[in-house]
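S.K.: Sequence first, then the predicted structure, then my questions.
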Amino acid sequence: MDQSMKAAFLIGKGEASRAFEIRETPVPSNYPPDYILIKVEAFGLNYADVTARIGNYRDAPPMPAVLGYDVAGEVIAVGKEVTMHAVGDRVVALTRFGGYAEYAVTNQMAAVKISKEDDVVQMLALATQGATAWYCVEESTTIYQGDKVLVTAAAGGVGSIITQLAKNRGAEVYGITGSAERGEVAKSLGAKYVINRNTEDVFEAFDRLSNGHKIDAMFDSAGGKFVKKGLKHLAPCGKFVSYGGSSAGDARNIFQMIPFALSFGFYSPIPFLMKSQSYIGVNMLRVADFKPQLIHLCISSIYEQYKRGNIKILPGKMFAISELAEAHTALEKSKVAGKIAVKW
């Protein structure tokens, strides 16, 4: 087995073209007995990577750092306590950083075996976006037949899968998108109605389309005013699930971040208690840290739904490692609908 490998190190904050450097570094060797070593076929990009690059991600390791939350590839070594995987398995896996490399390690519970024929870009989408969607819909909430469900970024990586899972539960899905084109995508995935956030007030449109009904469940990746207004429109027994803050704008600009933080509002538990409502925050890193068995459940469950044909994954795009900066920029500027992956 190789003793050294190439990895893309984050060496500075700012523009993607200057932030990364490909370096030789030792292949991971001193890992826990319940971990596996994966020869990486391709790794995925996530918006948290962009946030780390621009210097606003508190969980990011100190520089120089190897980012990366998800990889796909072949298991080439297993720890002595590993029972779920064998050498030669092709897997998709979540990593606690370290994914931007030719080899990566992860807990055996964070990996799921996939077939040789599975498309690697779509598998990487299942690992992070799919697992997040499954956790939001199936583990943190319960959706009932006829529930009115509002989804931000309904044509995005996570939102597109949430839309399908909610529809499969019998919900009436209202998808928020940023364009008519994205609205058509959301409709094709199961949204009954779509709301263009750039041409109309989201919550006024929801009130009109739902005939004044309140929101039974809202899944939000935008944060800020969407939280404040969404909670005001939440039905008794309603649930608000928050898993991002994409509406912050330029996270490097403190003059934008302060009002963004304030736009969430401040809340007492009393109204939630009186109306039997729930506000649920989702951070998959914390799930992985404290409930690794849930990570395996989420990835394996969404993979099973994909193989059964119950959900579709947006096409995404593959970049070469030499195009890492372009891939980061494409993610930051929302130029690709679906998962962005990078291959060695």
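M.R.: Happy to help now that I have it.
S.K.: what secondary structure does the most centrally placed residue in the chain sit in?
M.R.: Residue closest to the average C-alpha location in the chain (Cα atoms, centre = their mean): Gln129, at 3.5 Å. Here Gln129 is helix, with the state taken from DSSP: H, G, I helix; E, B strand; the rest coil.
S.K.: these two touch, right, Arg18 and Leu324?
M.R.: No. Taking contacts as Cβ atoms under 8 Å, Arg18 lies outside contact range of Leu324: 11.9 Å. (Glycine included, C-beta is placed from N, CA and C.)
S.K.: who has more neighbours, the two?
M.R.: Each of Arg18 and Leu324 has its neighbours counted (other Cβ atoms under 10 Å); Leu324 has more, 20 against 11.
S.K.: List the contacts of that one.
M.R.: Ala8, Ala16, Phe20, Tyr100, Val342 (Cβ atoms under 8 Å, 6 or more residues apart in numbering).
S.K.: Let's have these in JSON lines, adding secondary structure.
M.R.: Formatted as JSON lines, the contacts of Leu324 follow (three-state DSSP):
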{"residue": "Ala8", "secondary structure": "strand"}
{"residue": "Ala16", "secondary structure": "helix"}
{"residue": "Phe20", "secondary structure": "strand"}
{"residue": "Tyr100", "secondary structure": "coil"}
{"residue": "Val342", "secondary structure": "strand"}
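S.K.: so can I have JSON lines of the residues you listed showing distance to Pro33?
M.R.: Below are the contacts of Leu324 laid out as JSON lines (distance: Cβ to Cβ, whole Å):
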{"residue": "Ala8", "distance to Pro33": "28"}
{"residue": "Ala16", "distance to Pro33": "37"}
{"residue": "Phe20", "distance to Pro33": "32"}
{"residue": "Tyr100", "distance to Pro33": "25"}
{"residue": "Val342", "distance to Pro33": "30"}
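S.K.: Is Asn310 in a helix, a strand, or coil?
M.R.: Reduced to three states by three-state DSSP, Asn310 is coil.
S.K.: my read: it touches Ile161, true?
M.R.: No. With contacts counted by Cβ under 8 Å, Asn310 stays clear of Ile161, the gap being 10.6 Å.
S.K.: Neighbour count: these two, which is higher?
M.R.: Comparing Asn310 with Ile161 by other Cβ under 10 Å, the one with more neighbours is Ile161, at 29 against 12.
S.K.: Assign a three-state SS to the more buried one, would you?
M.R.: Secondary structure, three-state DSSP: Ile161 is helix.
S.K.: Quick check, pLDDT for the closest residue to it other than its chain neighbours.
M.R.: Among residues not flanking Ile161 along the chain, Ala133 sits closest, at 3.7 Å (Cβ to Cβ, 6 or more residues apart in numbering). We have a pLDDT of 97 for Ala133.
S.K.: and the gap between Ala133 and Val287?
M.R.: Distance, Ala133 to Val287, by Cβ to Cβ, to the nearest Å: 13 Å.
S.K.: again with Ala48
M.R.: According to Cβ to Cβ, Ala48 and Val287 sit 14 Å apart.
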